[in-house]
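*Asks:* Return a 3D structure for these sequence lines:
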Amino acid sequence: MIIKDIECKTALSKSNLPGLDYSLNPYRGCQHSCAYCYVPNVLRIKRSSWGNFVYIKKNIPKVLSKELRNKKPGVVAISTVTDPYQPIEKKYKLTRYCLEQLLKNDFPVCIQTKSNLITRDLDIISKFSNAEIMFSIGTLNDNERKLLEPNASPINQRLDALKESSEIGIKTSIFFGPVYPTISFDKLREIIDIFIDNGANEIMIDKLNFKPGIKENIEKSIKSNPEFIKKISDVQNIYNKQRVKLKEICKKRNLKIVDAF
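*Replies:* Sure, this is the predicted structure:
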């Protein structure tokens, strides 16, 4: 793993995602190394290097502090092209330092993560007037999670973090994406109920997106699981059926569900 300090010129970038005004990414690169990640395509980074480096934007809290003085208040998405609570955050704390600056100006924040490390910062997040934590969970099968998300927190730890966040009054939601194609339709109801029981009040869903190089990368990761490989080949058809079922389940439970894109 290559760890390198760099300096950034800007902290906040304009976001084109619905409901989000700015994006904030304290790191470039991500240790979670998810096989289906499309960030290398967005940033035009070689997929073979993704997951093998993290650049530390060491001056980002200071740059952010200066920018907030002149920025129009708006929702800040933390993060969009890296996980703000990947393992290296435990040491460098850039996400925490940025949250401290955002809190001084009380900008709304929406934090998306696959890590239970976020519980470390609930003392800060709970003080915002408007804060949301979205936990990314694509399956409850942790053996399959290990294949595609090798360095992310185990699913039970994410659920525990979801519950802890919800119980102290923070708005919590689930990014149920990508929905693993190996999830049977009769399991979807159980999964949604587990999300609800742990505090989720909204679900966002998405499928595996096969941008160039992703399908091949996933197949390398699941070569030990023939059933998984079979499902990958029919992912669009499977997701279409999963989506219909999920919409039906959430409607019955009066739970808001939205498509990611």
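
*Asks:* How many residues are close by Asn201?
*Replies:* Using other CB atoms under 10 Å, Asn201 has 14 neighbouring residues. All C-beta atoms are positioned from the backbone trio N, CA, C, and that covers glycine.

*Asks:* With Ile218 as the reference, measure out to the nearest residue to Ser224 once chain neighbours are set aside.
*Replies:* Nearest non-adjacent residue to Ser224, counting by CB to CB, 6 or more residues apart in numbering: Leu147, 7.7 Å away. To Ile218, Leu147 is 9 Å away according to CB to CB, to the nearest Å.

*Asks:* Just the element for Asn240, please.
*Replies:* Assigned by DSSP states H and E, Asn240 belongs to helix 235-252.

*Asks:* and that helix, how far out from the chain's middle?
*Replies:* Helix 235-252 sits 21 Å away from the centroid of its parent chain (CA atoms, centre = their mean, to the nearest Å).

*Asks:* Remind me what whichever strand or helix holds the residue nearest to Ser224 packs against, helices and strands.
*Replies:* Using DSSP H and E, Leu147 sits in helix 142-148. Judged by 3 or more CB pairs under 8 Å, 6 or more residues apart in numbering; DSSP states H and E, helix 142-148 is in contact with helix 155-167, helix 214-221.

*Asks:* For the shortest one, name the packing helices and strands.
*Replies:* What it means is helix 214-221. So helix 214-221, by 3+ CB pairs under 8 Å, 6+ apart, packs with helix 142-148, helix 226-232.

*Asks:* Show me which positions of the first one end up buried.
*Replies:* By neighbour count, and taking 16 or more other CB atoms under 10 Å as the criterion, the buried residues in helix 142-148 are 144-145, 147-148.

*Asks:* List of residues touching it?
*Replies:* Contacts with helix 142-148, where a contact means CB atoms under 8 Å, 6 or more residues apart in numbering, come from 34-36, 138-139, 152, 154-156, 180, 182, 218, 221-222, 224-225, 228.

*Asks:* can you check the last one too?
*Replies:* When contacts are defined by CB under 8 Å, 6+ apart, helix 226-232 is touched by residues 144, 147, 181-182, 208, 215, 218-219, 222-223, 238.

*Asks:* What are the boundaries of the helices in this protein?
*Replies:* 39-43, 60-68, 89-92, 94-105, 122-125, 142-148, 155-167, 185-197, 214-221, 226-232, 235-252 (DSSP state H).

*Asks:* tell me which residues in the fifth one are buried?
*Replies:* Under the neighbour-count criterion of 16+ other CB under 10 Å, helix 122-125 has 122, 124-125 buried.

*Asks:* nearest to Lys163, of these?
*Replies:* Distance to Lys163 across the buried residues of helix 122-125 (CB to CB) is lowest for Leu122, with 11.7 Å.

*Asks:* right, and that closest one touches Lys163 too?
*Replies:* No - taking CB atoms under 8 Å as the definition, Leu122 is not a contact partner of Lys163, at 11.7 Å.

*Asks:* hey, what's the closest residue to Cys8 other than its chain neighbours bridged with?
*Replies:* Excluding the flanking residues, the one nearest Cys8 by CB to CB, 6+ apart is Lys57, at 4.4 Å. Taking DSSP bridges as the rule, Lys57 bridges to Ile6.

*Asks:* Can you give me the pLDDT of Lys57?
*Replies:* pLDDT, Lys57: 97.

*Asks:* Over to Gly213?
*Replies:* pLDDT at Gly213 comes out at 87.

*Asks:* That one and Ser49, how far apart?
*Replies:* Taken as CB to CB, the span from Gly213 to Ser49 is 12 Å.

*Asks:* Give me the contact list for the helix or strand of the chain with the lowest mean pLDDT.
*Replies:* Least confident helix or strand of the chain, by mean pLDDT, DSSP states H and E, is helix 39-43 with a mean of 82. Outside helix 39-43, the residues within contact range by CB under 8 Å, 6+ apart are 28, 30, 45-47, 49-50, 81-82, 211-214.
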